[in-house]
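1. Whatever this is, show me its structure:
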Amino acid sequence: MSGKKLINSAESAVDEALEGLTFLHPGIRRISGHRVLRREKIDKNKVALISGGGSGHEPFCAGYIGKGMLTAGVAGSVFASPPTSSILEGIRAIAKDNPAGALVLVINYTGDRINFGLAVEKARHEGLKVEMFVNGEDCSLTTADKTAGRRGLCGTMFIFKIAGALAERGETLESVVKTTRLVAENMGTMGLALGPCSLPGQGPLFQVADNVMEIGLGVHGEAGIGEVPLTSANLAVKKLLDHMTNPESSTRLELKKGEKLAVILNNLGGTSKLEELILAREIVLQLEDRGYEVVRMYAGHMMTSLEMSGILISLLRVTDHPEWLELLDDPTDAPAWPVTLVSADKKDRFNPAPVEATNSQVDSWEERGPKLSSAGAAKVKEMIESAANLLLRMEEELNLLDSGCGDGDCGSTHASGARALLDALPRLTLGYPVVLLQQLGVISESMGGSSGGVYSLLFTGAARAFQDDSVDATDKLTWIKSLRLGLETVMKYGGAEPGDRTMIDALYPALKILESNPNSFTEAGAAADKGAEQTASMTARAGRASYVSKDKVNQKDPGAVAAAAWLNVVLKNI
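-> Next comes the predicted model:
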């Protein structure tokens, strides 16, 4: 079975992607008849940089075309080296009539070395000033006796940025080449994958079982050096860092205590942003625990392998070369180079402490507003405790109701809020309704999801009924007004109305009964139950159920059932 891809055809995918890039960034232009992209304007008084390779690694390499990075890039078919004729055309575009010369940066794979090398030789025969550098920084192999050498990976992006900045500053070709070699000698890369990738129109290039991950892989869909059991982000990062610095490996990266590092966390294509950020945290913490300082860090899709779920970690030693940090910080308009939001107080990356939050804890609020008697406060406590315990008992029932039209967690979210409520109960300001309702609004947020937001709106809006000190805290009409204000707040911000199959369909009928007769507690409770029952036949027009097929929404709304339940507890205890 082929991998799913949103393309028009396998044959046209590369050309349409290159054209798409130029549509997004008109400052990048394609050379007609070739898969070669170049800057719109080329300064022929500065060293020019060109690189390239197979497609499928986007944004590499055309995404790094721009001032301060590459001058041009050449693309081959997916995972295939570009032809020599196109590479030569790219070199001509940047090196002809350019006395400063051009540097060809090659990722170490056999096909790229051959095709780029031949193009360089032909360019020299044409009298062009050209140098070539082949980068290979793969740390996965423990010996360096392979004839193909170490693979070139995403650490090459460090070279693009540093060499590009030097060229932009007007440095000579010889100086740029010298620094490029030094950068390559001071970095290493290794990665892992949870799953394979597939070429357009084809199936997966290799298999990874659900309970394992592949380590030491490249970026061309090839398998890695071995499989290890699937583990946590913490242990996965540890395994990679251990291997990269293994004293017994000839491809290791030598690191000493106090080493200053620049780091790339490369997303191979299919890793979620959530995972990527967790891994970024792990990398920083683990490198710091080993005694190193992460002074720069870049993360994102920098050199992908189509939709592969995995990462590459590149480490660059900058301890003895602080000038490289300045080059990394130099501006570039290359669209793929990640932009970090640095601190206004410190240029080097650091782990910032959280800023202090505004104090909104339930036990820090001052007593204010109309006051209940001690007996009234005790009754309120009893109601809250009974309602919370009821919701805990209903957890499984509510989850079951939610499983067909939601994500099956309505009972769990209500139970979470109930537990938070019981935990805070000893600290609640029970005798002052305006404070109590606001505290309930804060506690409701612990439920999470939309339920937490809805209940927070309900209680926060309800508190407005008791803002006037002259109000009688025991007046039934004030409490009924409180319910109306709470529901109006929910409807205003949540967008739901009676009949939309939500908790409102339980609370609003009860409100209407109470507004017609403030003493009709039993009838109001029955109206809430009836409203909850009727949601089984309603069309969902709000909440997650509104996105579900109508034929699957045939049970009572769990939010309405929960609301009717706790409201009945309150009404029966007044």
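2. Show me the shaky parts of this protein.
-> Across the chain, the ranges flagged by pLDDT under 70 are 1-2, 143-147, 221, 223, 359-364, 404-406, 540-554.
3. Which parts of it are strands?
-> For the chain, applying DSSP state E gives strands covering 28-31, 36-39, 48-55, 72-78, 102-107, 130-135, 187-193, 212-215, 226-229, 260-267, 293-300, 310-317.
4. What strands flank the last one, and is each parallel or antiparallel?
-> When pairs are called by DSSP bridges, strand 310-317 turns out to pair with strand 187-193 (antiparallel), strand 260-267 (antiparallel).
5. can you check the second one too?
-> Note on strand 36-39: by DSSP bridges, its sheet partners are strand 28-31 (antiparallel), strand 72-78 (antiparallel).
6. check contacts around Met503.
-> Residues in contact with Met503 (Cβ atoms under 8 Å, 6 or more residues apart in numbering) are Val454, Asp557, Gly559, Ala560, Ala562, Ala563. The C-beta positions use only the backbone N, C-alpha and C, and glycine is treated the same way.
7. same question, Gly269
-> Gly269 makes contacts with Cys197, His301, Thr304, Ser305, Leu306, Glu307, Met308, Ser309, Gly310, as judged by Cβ under 8 Å, 6+ apart.
8. just to revisit the earlier point, save the contacts of Met503 as TSV, and put in neighbour count too.
-> Rendered in TSV, the data for the contacts of Met503 read as follows (neighbours: other Cβ atoms under 10 Å):
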residue	neighbour count
Val454	23
Asp557	32
Gly559	30
Ala560	26
Ala562	30
Ala563	26
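9. Now tabulate those residues in a markdown table and tack on distance to Glu515.
-> Formatted as a markdown table, the contacts of Met503 follow (distance: Cβ to Cβ, whole Å):
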| residue | distance to Glu515 |
| --- | --- |
| Val454 | 21 |
| Asp557 | 23 |
| Gly559 | 22 |
| Ala560 | 19 |
| Ala562 | 23 |
| Ala563 | 17 |
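10. just those now: which is nearest Ser51?
-> Val454 (53.2 Å; Cβ to Cβ).
11. how much space between that closest one and Ile91?
-> Distance, Val454 to Ile91, using Cβ to Cβ, to the nearest Å: 63 Å.
12. And Asp320, by the same measure?
-> For Asp320, the distance to Ile91 equals 33 Å [Cβ to Cβ].
13. Gly216 too?
-> According to Cβ to Cβ, Gly216 and Ile91 sit 33 Å apart.
14. between Asp320 and Ile91, which one's more packed in?
-> Neighbours were counted for Asp320 and for Ile91 using other Cβ atoms under 10 Å; Ile91 has more, 27 against 11.
15. doesn't Arg317 make contact with Trp324?
-> No - checked against Cβ atoms under 8 Å, the pair Trp324 and Arg317 is beyond contact range at 9.3 Å.
16. who's more crowded, these two?
-> Neighbour count, other Cβ under 10 Å: between Trp324 and Arg317, Trp324 has more, with 25 against 21.
17. Please list all residues in contact with that one.
-> Trp324 neighbours (Cβ under 8 Å, 6+ apart): Ile162, Val183, Ala262, Leu316, Val318.
18. Let me have the residues you listed in JSON lines, extended by distance to Ala148 and neighbour count.
-> Shown next, in JSON lines, are the contacts of Trp324 (distance: Cβ to Cβ, whole Å; neighbours: other Cβ atoms under 10 Å):
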{"residue": "Ile162", "distance to Ala148": "25", "neighbour count": "27"}
{"residue": "Val183", "distance to Ala148": "21", "neighbour count": "26"}
{"residue": "Ala262", "distance to Ala148": "27", "neighbour count": "25"}
{"residue": "Leu316", "distance to Ala148": "23", "neighbour count": "27"}
{"residue": "Val318", "distance to Ala148": "29", "neighbour count": "24"}
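19. residues near Asp500, how many?
-> Asp500: 21 neighbours (other Cβ under 10 Å).
20. typo on my end, it should be Met303
-> Neighbour count of Met303, defined by other Cβ under 10 Å: 29.
21. Likewise for Val471?
-> Neighbours of Val471 using other Cβ under 10 Å come to 18.
22. I figured it hits Thr478, correct?
-> Yes - with contact defined as Cβ under 8 Å, Val471 reaches Thr478; the gap is 5.4 Å.
23. Need the residues touching each of those two.
-> Common neighbours of Val471 and Thr478 (criterion: Cβ under 8 Å, 6+ apart): Ala465.
24. Lys381: which of the strands paired with strand 310-317 is closest?
-> Taking Cβ to Cβ, strand 260-267 is the member of those nearest to Lys381, at 50.9 Å.
25. Give me the distance between the closest one and the centre of its chain.
-> 17 Å (Cα atoms, centre = their mean, to the nearest Å).
26. how big is the angle separating that strand from strand 293-300?
-> Strand 260-267 runs at 20 degrees relative to strand 293-300, counting by axes from the mean of the first three to the mean of the last three Cα atoms, to 10 degrees.
27. Let me see the contact set for the closest residue to Asp557 other than its chain neighbours.
-> Once flanking residues are discounted, Asp557 sits nearest to Thr535: 3.9 Å by Cβ to Cβ, 6 or more residues apart in numbering. Contacts for Thr535 (Cβ under 8 Å, 6+ apart) come out as Arg501, Thr502, Asp505, Ala506, Lys556, Asp557, Ala560.
28. What's the PyMOL line that selects buried ones from these?
-> To isolate the buried ones among the contacts of Thr535 in PyMOL, judged by 16 or more other Cβ atoms under 10 Å, type:
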select buried, resi 501+502+505+506+556+557+560
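29. can you tell me which of the contacts of Thr535 are in helices?
-> Asp505, Ala506, Ala560 (DSSP state H).
30. So which of those residues is the closest to Asp112?
-> Asp112 has its nearest neighbour among the ones in helices among the contacts of Thr535 in Ala560, at 62.9 Å by Cβ to Cβ.
31. The closest one contacts Gly531, correct?
-> Yes - between Ala560 and Gly531 there is a contact under Cβ under 8 Å: 6.6 Å.
32. dump the residue contacts of the closest residue to Thr156 other than its chain neighbours.
-> Spatial nearest neighbour of Thr156, excluding adjacent residues (Cβ to Cβ, 6+ apart): Asn135 at 4.9 Å. Counting by Cβ under 8 Å, 6+ apart, Asn135 touches Leu105, Val106, Ile107, Asn108, Gly152, Gly155, Thr156, Ile159, Thr180, Ala184.
33. dump the residue contacts of the third one.
-> With contact taken as Cβ under 8 Å, 6+ apart, Ile107 is in contact with Ser51, Gly53, Val134, Asn135, Arg151, Gly152, Leu153, Thr156.
34. beta partners of the residue lying closest to the third one once chain neighbours are set aside?
-> Okay, so that is Val134. Spatial nearest neighbour of Val134, chain neighbours left out: Val106 (4.6 Å); criterion: Cβ to Cβ, 6+ apart. Under DSSP bridges, the beta-bridge partners of Val106 are Gly52, Val134.
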